[in-house]
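Asks: next one to model:
(one chain, ligands or ions: 2)
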Amino acid sequence: MNVLVIGGGNMGMTYAEAIAKSNFLTAGSLMIIDQSKEKRDELRATGLFEVHDQLDTCLSRADVVLIAVKPVHAAALMKEMKPLISTEQLFVSIMAGVTIDTIKQGLDAVKVVRAMPNLPAQVGLGMTSFTGSDEVSRLELAAIEQLLDTTGRSINLTSESEIDASTGISGSGPAYIFYFMQAMMDAALKMGFDQHDARLLVGQTFAGAVELFNESTLSPEDWMERVASKGGTTRAALDSMDENNVNALIQEAAYAAFRRAEELGKQTKGTEAKDG
Ligand SMILES: NC(=O)C1=CN([C@@H]2O[C@H](COP(=O)(O)OP(=O)(O)OC[C@H]3O[C@@H](n4cnc5c(N)ncnc54)[C@H](O)[C@@H]3O)[C@@H](O)[C@H]2O)C=CC1
Ligand SMILES: O=C(O)[C@@H]1CCC=N1
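Replies: Numbers count the residues shown, from 1 in each chain. Ligands and ions are numbered 1, 2, ... in the order given. Model (predicted):
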């Protein structure tokens, strides 16, 4: 199987590197293309894959094409790709919000998988949700699952609405965690710790808490109870968060991302996206 990754930015490069380092493909079957020369030089320096600067030297050779450009660039890219593709090829898009119908129409393609990964894919701890068009066979979907799993774990969802929803949880989610970490670092700095110590205190606290959560079946609420003693310090912090509606605000943020994924889908339908 030949795989072409289009767009070698954060996510495209992450996928290309993960696929190249896994046993998923035989040597020489992975190609990548980026429109930026600087990016291509960076990709070539890895020595891990064939780097292309023109679609006509690579697109028709690919069985699977992973589209990893920003939603705002989707329409222009699909226009360029359309004359060069065949209906046998399978297209996997990781573009936020861009629907399967938009891709089918934009490319005149039939086999399309829409996936939503996240940034921890860079360290093999990614979470990717995906769903395929009716024309993608079970066997093909299983192969795509294996490809996605080179970056971590994946979940096969049944509707695109669920993909938009998962964008608000796992796709954008790492940024919410970083937001929380930043707030804790800011507090640590205010309390007088230096950068190094603040980073260590916060980083190890997150790593430990996540490990506890993943190693058990307890809910976050159960774990909160285990940390908090009656009348103690943690209860003071949790009460303060409850009084300030932090839970509701985080949920509202996740919904904002979900709604934005839906909006991006509407904006990219057949035309150039306005923003992305
Ligand atoms: N960064 C993240 O955490 C996540 C991003 N995504 C999705 O992944 C996609 C890519 O995001 P990033 O990697 O962060 O963006 P990025 O900006 O780092 O990378 C995009 C790359 O595509 C290249 N490109 C644009 N148009 C092109 C064309 N016509 N031909 C070839 N190359 C082209 C650009 O030069 C750039 O290197 C987006 O659609 C985003 O919605 C999905 C989940 C998580
Ligand atoms: O912010 C974005 O639009 C992309 C999709 C999920 C994470 N980053």
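
Asks: enumerate the residues of the protein near ligand 2.
Replies: Ala96, Thr167, Gly171, Ser172 (CB under 6 Å from any ligand atom). The C-beta positions use only the backbone N, C-alpha and C, and glycine is treated the same way.

Asks: in TSV, list those along with distance to Arg235, secondary structure and neighbour count.
Replies: Output for the residues of the chain next to ligand 2, formatted as TSV (distance: CB to CB, whole Å; DSSP: H, G, I helix; E, B strand; the rest coil; neighbours: other CB atoms under 10 Å):
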residue	distance to Arg235	secondary structure	neighbour count
Ala96	39	coil	21
Thr167	34	helix	23
Gly171	33	helix	25
Ser172	30	coil	21
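
Asks: redo those residues as JSON lines? Include pLDDT.
Replies: What follows is those, written out as JSON lines (pLDDT from 0 to 100):
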{"residue": "Ala96", "pLDDT": "91"}
{"residue": "Thr167", "pLDDT": "97"}
{"residue": "Gly171", "pLDDT": "97"}
{"residue": "Ser172", "pLDDT": "97"}
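
Asks: which residue ranges of this structure form strands?
Replies: Assigned by DSSP state E, the strands in the chain fall at 3-6, 30-33, 50-52, 64-67, 90-93, 111-116, 126-132, 152-156.

Asks: residue of the stretch 101-250 of the chain nearest ligand 2, please.
Replies: Gly171 (3.6 Å; CB to the nearest ligand atom).

Asks: can you tell me how far that residue is from Gly126?
Replies: 10 Å (CB to CB, to the nearest Å).

Asks: list residues touching both of the two?
Replies: Listed as contacting both Gly171 and Gly126 by CB atoms under 8 Å, 6 or more residues apart in numbering are Pro117, Asn118.

Asks: so Thr99 makes contact with Arg114?
Replies: Yes - at 7.2 Å, Thr99 and Arg114 qualify as touching, with contact defined as CB atoms under 8 Å.

Asks: any common contacting residues for the two?
Replies: Overlap of the contact sets of Thr99 and Arg114 (by CB under 8 Å, 6+ apart) consists of Glu160.
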